[in-house]
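Asks: Sequence and computational prediction follow.
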Amino acid sequence: MFPRVILKGTMIKKSQQKRRTSPCNYKERFFVLDTQDLKYSEPRPGRRPMVKGCIKLYTIKCAEIVCSDVPIPCNYKYPFQVFHGDHYLYIFAPDNDCRQRWVRALKEETKNNNLVPKYHPNFWMDGKWKCCLQTEKLAAGCHVYNPVGSASKKPLPLLPDPEMELRDEVQRTVIALQDYTPLGDDDLPLQKDQEYMLINSSHSEWWAVEDDQGHTGFVPCTYVAVKSGKNFERFEWYNKNITRGGAEDLLMKEGKEGAFMVRDSRQAGVYTVSVFTKAPGSNGEKNPRVKHYQIRQAETGEAAFYLAEKYLFSTIPELIHYHQHNAAGLITRLRHPVSQDGGSSQDICDPFKDQWEVDPEELTLGQELGSGQFGLVLEGRWKEKKVAVKMIREECMSDEEFKEEARVMMRVAHCKLVQLYGVCTQRSPMCLVFEFMEKGCLSEYLRAKKGRLSQDTLLGMCLDVSEGMAYLESSNFIHRDLAARNCLVSKNNEVKVSDFGMTRFVLDDQYTSSQCSKFPVKWSAPEVIKYCKFSSKSDVWSFGVLMWEVFTEGRLPYENRTNSEVVESLNSGLRLLKPRLAPDAVHLLMEWCWKEKPEDRPSFALLLHELASLSNL
Ligand code: ADP
């Protein structure tokens, strides 16, 4: 069947700079989009145009406009992007309508592809993303990608909301975080740093605002930040008019690990996160206690908030959302929002409440598969499926916290992650129901198959793990205990990552403190050993060790050395040696994962890309 032409026209293309040294230029090209490819050719007066490039539509992972205030050096000023394979193509359309047409058509043709969950709204330029300042070109995106097309999702014009009229002026002011060029007639352009009145914020993506000339229209809510803290009122975690002492009393009364609130700091315009913890302090601090962290603003010239570590967010709600899932430098994750007028609001309205609960009647248990740090693992059947059931030994896991987190873990779904189907809390001991992995844990599988696995198979295993981990990384989820023993092998020899995030629920100090015997020091990055500073980049270090385990066919790293000897040799710059079966290129990747500074290590997105290109050789 011949492809059907959908769109054609002349636009300007920026060179894709597939290599670091490729030149940066802008060239006029004649583009043709059909049902199979996006082709571009060089117009040659008097002769047939010469095809210069062809992108297969199935390789496209994102097509979206580019929002940027950088001066555009070519005549056409309306940029959009096509992320395909591992390359970004920037195309400049002559006007906004033309750009809209192309983006909509591309989205339509690629909507069933394997799309990115998040994309970069701004350019990759001078070695960094202008939107999130990440310095790796293949770093996961920072804004949710809408494959249907932003314009079509927009709500219909809203009727005046009588309640809004009653609120005060300050409450309705927002500041533009960046310029916004309207996508349609009912949008309002935004100018960076200008103030606008917020008319309606009830839609989750598009807010209605008014400029100082009285023009109203829609803008993407991620492009503006509320000026006053008063607008946090809609969040259950925000408490205004509470003192530091008042916050401490309320949180101590709540008494749950990770109970938290955001409150106004004494310094005007600044906010503080107060969080309750039972974790032992390092300098004899009293226990339990409430810790206070000021929300800081980075000097990037743009709104960029951070808490304990420099993970930047353009709004405070985004920052809180991230720390609800990752401690990332805080004493504990922000687990239970507490408000002055209702205590913990965790249990009030939970739309997911019953979706993760496994009915004990539907679960049958079979023979033992193994045992781990939480207890026995049994084979089982649930809803016609073979499953693995982890019986949680009492006193082994902080189950209140786990129940809450299980909901988050269940929504983390990828073909290279062992899926958690649900939790059975009505039975004692509580148990977790997982996807069944016929061939058991990777480290034992490697040892059992020693001498019989080809280099390609070993590389494929690393590729599987990097794929699962790239997904976790893009979901801001940190594994914390990546190792071959925590990966499982399926019936058809696929490797999947398991036990992600589980160490947070272990109550055994021997396991959770880096000084103690069960702590996986030999898989841990230096910053984890020294300060328990977990991040996706500390997972990358562990991944390097996992690759080493794979290519040594399941040997134990630093076999004859104690944990403290390992720490000492790491400090003096020594690293694990190249396994005999590892190609040089794979060994280089391992060494890259073991860079001292987390920021010098590659991301999983990049590792996935590198491993994929090696496995094609
Ligand atoms: P824990 O997380 O409690 O330490 P593990 O995940 O290490 O437990 O599981 C112990 C053993 O149980 C594994 O080595 C493996 O043999 C078996 N097992 C665990 N999960 C599964 C699963 N999803 N499918 C099949 N076997 C499993």
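Replies: Sure thing, it's come through.
Asks: In the stretch 451-600 of the chain, what residue comes closest to the ligand?
Replies: Across the stretch 451-600 of the chain, the shortest distance to the ligand (CB to the nearest ligand atom) belongs to residue 499, at 4.9 Å. (Glycine included, C-beta is placed from N, CA and C.)
Asks: what's the closest non-adjacent residue to that residue?
Replies: The spatial neighbour of residue 499 that comes closest, neighbours along the chain excluded (CB to CB, 6 or more residues apart in numbering), is residue 486 at 4.4 Å.
Asks: Downstream of the helix or strand residue 460 falls within, the next helix or strand is which one?
Replies: In the assignment (DSSP states H and E), residue 460 maps to helix 455-474. Scanning the chain past helix 455-474 towards its C-terminal end, the next helix or strand to appear is strand 487-489 (assignment: DSSP H and E).
Asks: Show me the contact partners of that next one.
Replies: Contacts of strand 487-489 with the rest of the structure, by CB atoms under 8 Å, 6 or more residues apart in numbering, involve 418, 437-442, 445, 465, 495-498, 546.
Asks: rerun at 10 Å
Replies: Here strand 487-489 makes contact (CB atoms under 10 Å, 6 or more residues apart in numbering) with 388, 416-418, 434-446, 449, 461, 464-465, 468, 494-499, 546, 549-550.
Asks: Tell me the buried residues in stretch 600-615?
Replies: 601-611, 614 (16 or more other CB atoms under 10 Å).
Asks: correction: stretch 524-531
Replies: Applying a neighbour-count criterion of 16+ other CB under 10 Å, one finds 524-529 buried in stretch 524-531.
Asks: can you tell me how far the residue of the stretch 451-600 of the chain closest to the ligand sits from residue 568?
Replies: 28 Å (CB to CB, to the nearest Å).
Asks: And the two? Which one has more around it.
Replies: Taking neighbours as other CB atoms under 10 Å, residue 499 and residue 568 compare with residue 499 leading, 23 against 12.
Asks: thinking the more buried one is in contact with residue 472, fair?
Replies: No. Using CB atoms under 10 Å, residue 499 is not in contact with residue 472, being 11.7 Å away.
Asks: Pull up the overlap in contacts between the two.
Replies: 479, 482.
Asks: about what we covered before: how about the residue nearest to residue 499, what does it touch?
Replies: By CB under 10 Å, 6+ apart, residue 486 lies in contact with 372, 418, 441-443, 465, 479-480, 497-500, 502-503, 520, 523, 542, 546.
Asks: Equivalent analysis for residue 611, please.
Replies: 459-460, 462-467, 547, 585-586, 589 are the contacts of residue 611 under CB under 10 Å, 6+ apart.
Asks: Bridging across strands, which residues link to the closest residue to the ligand within the stretch 301-450 of the chain?
Replies: At 1.9 Å from the ligand, residue 372 is the closest residue in the stretch 301-450 of the chain, using CB to the nearest ligand atom. Taking DSSP bridges, one obtains residue 375 as the residues bridged to residue 372.
Asks: Tell me which residues touch the residue lying closest to residue 197 once chain neighbours are set aside, please.
Replies: Beyond its immediate neighbours in the sequence, the residue positioned closest to residue 197 (CB to CB, 6+ apart) is residue 210, lying 4.3 Å away. Residues near residue 210 by CB under 10 Å, 6+ apart: 172, 188, 196-199, 216-217.
Asks: Before we move on, what's the pLDDT of residue 210?
Replies: Per-residue confidence (pLDDT) for residue 210: 85.
Asks: hang on, isn't residue 66 packed against residue 99?
Replies: Yes. Contact between residue 66 and residue 99 holds when scored by CB under 10 Å: they sit 9.3 Å apart.
Asks: Give me the common contacts of those two.
Replies: Contact criterion CB under 10 Å, 6+ apart; residues bridging residue 66 and residue 99 by contacting each: 78-80, 91-92, 181.
Asks: still on that earlier bit, for residue 94, see how far away the residue nearest to residue 499 is.
Replies: For residue 486, the distance to residue 94 (CB to CB) stands at 53 Å.
Asks: ditto for residue 49
Replies: Separation of residue 49 from residue 94 (CB to CB) stands at 18 Å.
Asks: Residue 603 too?
Replies: For residue 603 relative to residue 94 (CB to CB), the value is 36 Å.
Asks: cool, and residue 87?
Replies: Separation of residue 87 from residue 94 (CB to CB) stands at 24 Å.
Asks: Same question for residue 378.
Replies: Taking CB to CB, one finds residue 378 at 65 Å from residue 94.
Asks: rewinding a little: now, which of the contacts of residue 486 lie within strands?
Replies: When strands are assigned by DSSP state E, the members of the contacts of residue 486 inside them are 372, 497.
Asks: Would you mind giving the domain segments of the protein?
Replies: According to automatic domain parsing, the chain is divided into the following domains: 5-144, 162-226, 244-341, 354-435, 444-615.
Asks: helices and strands of the protein: which one has the lowest mean pLDDT?
Replies: Here the helix or strand of the chain ranked lowest by mean pLDDT, DSSP states H and E is helix 162-166, holding a mean of 33.
Asks: which is the next helix or strand following that helix?
Replies: If you walk from helix 162-166 toward the C-terminus, the next helix or strand you reach (DSSP H and E) is strand 173-176.
Asks: Which one of the contacts of residue 210 is nearest to residue 382?
Replies: Proximity of the contacts of residue 210 to residue 382 was ranked by CB to CB; the top entry is residue 198 with 47.3 Å.
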